[in-house]
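**Student:** Pasting the sequence and the predicted coordinates here, then a few questions.
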Amino acid sequence: MNVEISNPSRRKLVLKTHASDPSKALVLYQPFPGGQCIGKNLALNANTECKPANHFLKPTNKIESKEKCKKTCETSDPKTSSYGNIFLLGVILIVTVILSLTSSYKDWDLCDTKSMEVDLKLLKHELTTNLYGQLPAAKTIIDALEELQVTVEQMAVLVLLGGPGTGKTWTTHLIANSMSEQTNQVSLHLGPWSNLQEIQMAFHELKCCHWNLIFIEDSDYANSQLIETLLDMVSSVSQNISCARQKIVIILTSNYGQKEFAELLFHERERFGTRHTVSHEDIRETIKKLTSHLINGFAQRKIPFVPVPYLPLEKMQLEQCIHNDLQLKKKVASPDLIDKIIQHFRFIPPRKDYFVAAGCKTVPTFVNLYT
């Protein structure tokens with residue numbers, strides 16, 4: 001070991017190893033003029049430029065030596081390395097998000113545009129022309145489907161409420177016939193004969209790149225277990241829509257609301273009004289009072305649905321139903337024949353004869369009786 005002392009106030013201690021082992025050296029020193037590196041226990045190789053300056057260096061090389069030393073020391077700075085890792089992770093994250101968004105729209109690009117076309121103008125014409133006395137119901141359905149068509153929403157649930165014979169099943173028939181052949185339509189009739197597998201299969205037939213319509217009739221005749229299964233399936237579909245391009249319309253029919261809507265229209269008639277003068281606000285307030293296993297189930301699961309009100313039919317609407325059925329059967333709709341058929345229907349309330357008790361439910365039966 002050689003010790004070299006150049007000045008009492010400036011000491012330099014150099015630990016040298018064997019010539020064949022140049023891997024490590026401990027250099028402890030007071031900085032010389034122009035030196036920028038702090039003495040550390042570093043693994044230095046023979047080519048490193050991070051060396052303390054000495055008095056033998058020429059003045060012209062001082063700046064160059066500073067820059068080289070600074071650059072070499074920065075490359076070994078752990079802070080700089082961590083910033084580089086953070087930047088790299090950020091780039092990877094951005095690329096991943098872009099790729100995921102691109103893949104989510106693959107099915108959108110692959111869809112045939114014609115498969116998503118629905119002519120709601122035709123449906124509007126059919127409902128306003130052939131659904132007798134139910135303008136509030138027709139408007140509610142059209143508004144709901146138009147909103148579904150132009151927004152990013154992918155599912156709508158419509159619950160047709162009202163007494164038997166008021167046009168609920170006829171409405172589903174008009175909707176089904178007004179849609180294009182590209183729509184996927186599934187019908188399900190509930191009752192004591194139904195089973196859980198039938199409900200599950202109906203929802204498993206949903207298709208991507210299509211409008212899907214599920215018509216569920218006679219929900220009032222299903223037991224509590226079937227209703228719970230139905231509600232679970234609707235909830236599952238609403239939360240797990242797998243296709244970017246898909247519209248799902250679930251239409252259920254229920255006889256709940258028959259009494260409440262009859263009372264509402266009765267009070268309007270007593271005030272010398274008509275079914276056309278009943279306010280939408282009164283209808284909404286009446287709907288809020290309705291309770292059933294189905295309606296309560298939607299509320300408990302927080303599944304949004306559109307209630308569609310069907311007011312009780314009167315003699316004028318009954319005559320329209322009879323006339324239409326005679327025309328479909330290519331029979332002459334004479335006034336005498338229509339009066340004979342009307343005699344078979346019961347009207348309520350007593351002594352008032354405002355509303356048809358069963359609506360147009362049995363019109364085809366009595367038309368066949370006289371033709």
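**Tutor:** Received it, and whenever you're ready, just let me know what you need.

**Student:** What separation do you get for the spatially closest residue to K331 that is not a sequence neighbour and L326?
**Tutor:** Nearest residue to K331, sequence neighbours excluded (CB to CB, 6 or more residues apart in numbering): T371, at 4.8 Å. No exception for glycine: its C-beta is placed from N, CA and C like everyone else's. Distance, T371 to L326, by CB to CB, to the nearest Å: 7 Å.

**Student:** Just name the shakiest helix or strand of the protein by mean pLDDT.
**Tutor:** strand 27-29 (a mean of 42; mean pLDDT, DSSP states H and E).

**Student:** Show me what stretch 312-320 is in contact with.
**Tutor:** Residues outside stretch 312-320 that contact it (CB atoms under 8 Å, 6 or more residues apart in numbering) are 132-133, 162-163, 165-167, 258, 261-262, 265, 275, 321, 338, 342, 345, 347, 353-356, 359-360, 363.

**Student:** Which of T371 and L326 has more residues huddled nearby?
**Tutor:** Comparing T371 with L326 by other CB atoms under 10 Å, the one with more neighbours is L326, at 20 against 13.

**Student:** Please list all residues in contact with that one.
**Tutor:** V332, A333, L337, I338, V367, T371.

**Student:** would you say it is within a helix?
**Tutor:** Yes: under DSSP: H, G, I helix; E, B strand; the rest coil, L326 sits within a helix.

**Student:** surely R245 meets W211?
**Tutor:** No: using CB atoms under 8 Å, R245 is not in contact with W211; the gap is 10.3 Å.

**Student:** So what's the residue count around the closest residue to S194 other than its chain neighbours?
**Tutor:** In space, S194 comes closest to L226 once its chain neighbours are excluded; the distance is 5.8 Å by CB to CB, 6+ apart. Neighbour count for L226, taken as other CB under 10 Å: 19.

**Student:** Please name every helix or strand in contact with the helix or strand L226 falls within.
**Tutor:** Using DSSP states H and E, L226 sits within helix 224-239. Judged by 3 or more CB pairs under 8 Å, 6 or more residues apart in numbering; DSSP states H and E, the packing partners of helix 224-239 are strand 155-162, helix 196-204, helix 293-300.

**Student:** Could I get the contacting residues of S178?
**Tutor:** Per CB under 8 Å, 6+ apart, neighbours of S178: D119, L122, L123, E126.

**Student:** I believe the last one is in a strand; please confirm or correct that.
**Tutor:** Read it as E126. No: assessed with three-state DSSP, E126 is helix; it does not lie in a strand.

**Student:** For it, which residues are in contact?
**Tutor:** Under the criterion of CB under 8 Å, 6+ apart, the contact list for E126 reads L174, N177, S178.

**Student:** Dump these into JSON lines; add distance to A156 as well.
**Tutor:** Listed next are the contacts of E126 as JSON lines, based on distance: CB to CB, whole Å:
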{"residue": "L174", "distance to A156": "17"}
{"residue": "N177", "distance to A156": "19"}
{"residue": "S178", "distance to A156": "16"}
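
**Student:** quick one: secondary structure of L313?
**Tutor:** Under three-state DSSP, L313 comes out as coil.

**Student:** Mind jotting down where the helices sit in the stretch 101-250 of the chain?
**Tutor:** Taking DSSP state H, counting those that start in this stretch, the helices of the stretch 101-250 of the chain run over residues 106-110, 120-130, 135-150, 168-178, 196-204, 224-239.
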